[in-house]
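Got a sequence here, can you model it:
(chains A, B, C and D)
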Number of protein chains: 4
Amino acid sequence: MTSALLDTKALESVLDEFAQARNWRQFHSPKNLAMALTGEVGELVEIFQWRTEEESWQVAHAPETAEHVRQELADVALYLVRLASVLGVDLDAAIRDKLVLNAQKYPPL
Amino acid sequence: MTSALLDTKALESVLDEFAQARNWRQFHSPKNLAMALTGEVGELVEIFQWRTEEESWQVAHAPETAEHVRQELADVALYLVRLASVLGVDLDAAIRDKLVLNAQKYPPL
Amino acid sequence: MTSALLDTKALESVLDEFAQARNWRQFHSPKNLAMALTGEVGELVEIFQWRTEEESWQVAHAPETAEHVRQELADVALYLVRLASVLGVDLDAAIRDKLVLNAQKYPPL
Amino acid sequence: MTSALLDTKALESVLDEFAQARNWRQFHSPKNLAMALTGEVGELVEIFQWRTEEESWQVAHAPETAEHVRQELADVALYLVRLASVLGVDLDAAIRDKLVLNAQKYPPL
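This is a model prediction of the structure:
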C-alpha cells in the first residue's frame, strides 16, 4: 500500500459541497474552470512581475505581500483541484505518472 | 487534531530532491516558478479553447485527449506545489483560510 | 511599397516616452513585460470565465462590462507592443511571416 | 485629423477572411478567443521562464530563440486583434483612453 503524494479527496468533497450550497455547479464546466484557473494564475503572477528574482524570495515574508501571495496560491490550488475533480482525474495518480516521465526525460546528473 | 485538506509534504520532498539531483534549484526562484506555472496553465487551456462547455466534460475520457489532460493537470500541480514550497507557504493552511474568506464573501443560499 | 498590417511605431514611441518619464525603463525587461502581459490577459479572461460562449458576444456592449473589457484589451495591447518594442521585434513583419506559415499549415477549404 | 496609434483595420480584414475561408467563424466566440490568447501568451512566457532578466534581452537576437519569439509575439497579436474585432471594440480608441487613465494614475516624475 502506497500513501498519496498529493491527497486531494478531502478538499474535493469540501469544494463540491461549497459549489452545491451556492448552486454553482452549473458554472463549473471544465472549460470555465480552466479559465478561472488562468485568471487566478494571472493574479499570482502580478505579484512577481516587477520584482527581481532575488526580491521574489521575500514575497511570502514581507508584510505587504505575505497575505496576498497566500491567498493567490490558495485560489490556484482550489481551482486546480476543482477542475481535476469535475474531470474525474485522479490528480495523485497523474502526478506519479508525470514524475516518472519527467525522470526519464531529464535523468539526474 | 485536524487532518489536512491538501497535504503537500510528501510531494514537496520529492520535488526538492528532483530539483537537487538535476542542479535545478538555481532556476527555481519564485519568480521563475510563477512563470513556469503560467506556461503550464497555458498548455492546459489550449485543450479547452475550441471545445464547447459541453464537449469540455469529455476531455479526460476521450482517448485523444485523456492522457494529455492528465499530464497538463499534473504539470500545473507540480509547479504550484513547488512554488508554495520554495516560498515557505503552507498551502493547506492557506487553503483553509481562503475557504473561510470565500464562505464569508459568498454565503450559501 | 506595402503598407503595414499592424503599424505599431507611433504607439511604441508613446510607450517609450511614457516609461522614460516615470523612470520605468529599469523595470521593463522582456522577462518582466512577458509576466505583465500574462497578468493582463488573466484579467481579461476573468471577464469571460463564468459566461457562456453566447453571453460572451455581449460583453463589449453590456453596460456593466463594456468599459472593463475595453480597458483590459487595451492593457494587453500596450504590454504586447511594449514587449515587442524592447525586444526589437518588428511586430508587423512577424505577423506577416506567421500568416504565411498559418496559411500553409491550414490551407483554405 | 489624428492618425491612429495602433491601426488594426487591415489586419482585422485579413483575419476575418482567413477565418471565413476555413469555416472557423463558428469557433471564434469571444470566450474561445480569450482562451486562445491565453494559450499563446503561455507559449511566449515559456521562452522567458528559466532565463534571467538580463538573458531575456537576448531572446530576439539569439539564433536558437529569435524565430520562436517572433512567432509567439505574432500569435498573441493575431488573437488579440481578432478578439477585439469580433467584440466590435476599436482597439485604437481603447488604447488612447487607457493611456489617458494611466497618465492620471501614474503622473510623470
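
Does chain B have contacts with stretch A:87-98?
Yes - if you take Cβ under 8 Å from any Cβ of the partner chain as the test, stretch A:87-98 does meet chain B, through A:87-89, A:91, A:94-95, A:97-98. Glycine gets a C-beta too; all of them are placed from N, C-alpha and C.

Just the buried residues of that stretch, please?
Within stretch A:87-98, the residues that count as buried by 16 or more other Cβ atoms under 10 Å in any protein chain shown are A:87, A:89-92, A:94-96, A:98.

follow-up on the earlier one: grab the two from the residues of stretch A:87-98 next to chain B that are most spread out in space.
A:88 and A:98 (17.3 Å; Cβ to Cβ).

OK, contacts around the one residue sitting closest to the centre of chain A?
Nearest residue to the geometric centre of chain A (Cα atoms, centre = their mean): residue A:77, 2.7 Å. Counting by Cβ atoms under 8 Å, 6 or more residues apart in numbering or on different chains, residue A:77 touches B:6, B:80, B:91, B:94-95.

just to revisit the earlier point, out of the buried residues of stretch A:87-98, which are inside helices?
The members of these that map onto helices under DSSP state H are A:87, A:91-92, A:94-96, A:98.

can you map out the helices along chain A?
A:9-21, A:30-48, A:53-56, A:66-87, A:91-105.

Nearest to chain C: which residue in chain A?
Closest to chain C within chain A is residue A:42: 1.5 Å, counting by Cβ to the nearest Cβ.

burial of that residue, as a residue count?
26 (other Cβ atoms under 10 Å in any protein chain shown).

Give me the below-cutoff pLDDT ranges for chain A.
Filtered on pLDDT under 70, chain A yields the residue ranges A:1-2.

and chain A, which of its residues are near chain C?
So chain A meets chain C at A:27, A:32, A:35-36, A:38-43, A:45-46, A:48-50 (Cβ under 8 Å from any Cβ).

Now which of those would you call buried?
Buried residues within these, defined by neighbour count using 16+ other Cβ under 10 Å: A:27, A:32, A:35-36, A:38-43, A:45-46, A:48-49.

Also near chain D: which of these, exactly?
Okay, of those touching chain D (Cβ under 8 Å from any Cβ), that's A:35, A:38.

Closest one to residue B:55 out of the buried ones among the residues of chain A next to chain C, please.
residue A:32 (12.6 Å).

dump the residue contacts of the closest one.
B:53, C:49-50.

Let's see that with 6 Å instead.
residue C:49 (Cβ atoms under 6 Å, 6 or more residues apart in numbering or on different chains).

From residue C:33, how far off is it?
Distance, residue A:32 to residue C:33, using Cβ to Cβ, to the nearest Å: 29 Å.

What is the most widely separated pair among the residues of chain A next to chain C?
Taking Cβ to Cβ, no two of the residues of chain A next to chain C sit farther apart than A:27 and A:50, at 32.9 Å.

Could you list the residues of chain A in contact with chain B?
Applying Cβ under 6 Å from any Cβ of the partner chain, one finds that chain A approaches chain B through A:5-7, A:10-11, A:21-23, A:29-31, A:34, A:37-38, A:41, A:44-45, A:48, A:53, A:56, A:60, A:70-71, A:73-74, A:76-77, A:80, A:84, A:87-89, A:91, A:94-95, A:98, A:106, A:108-109.
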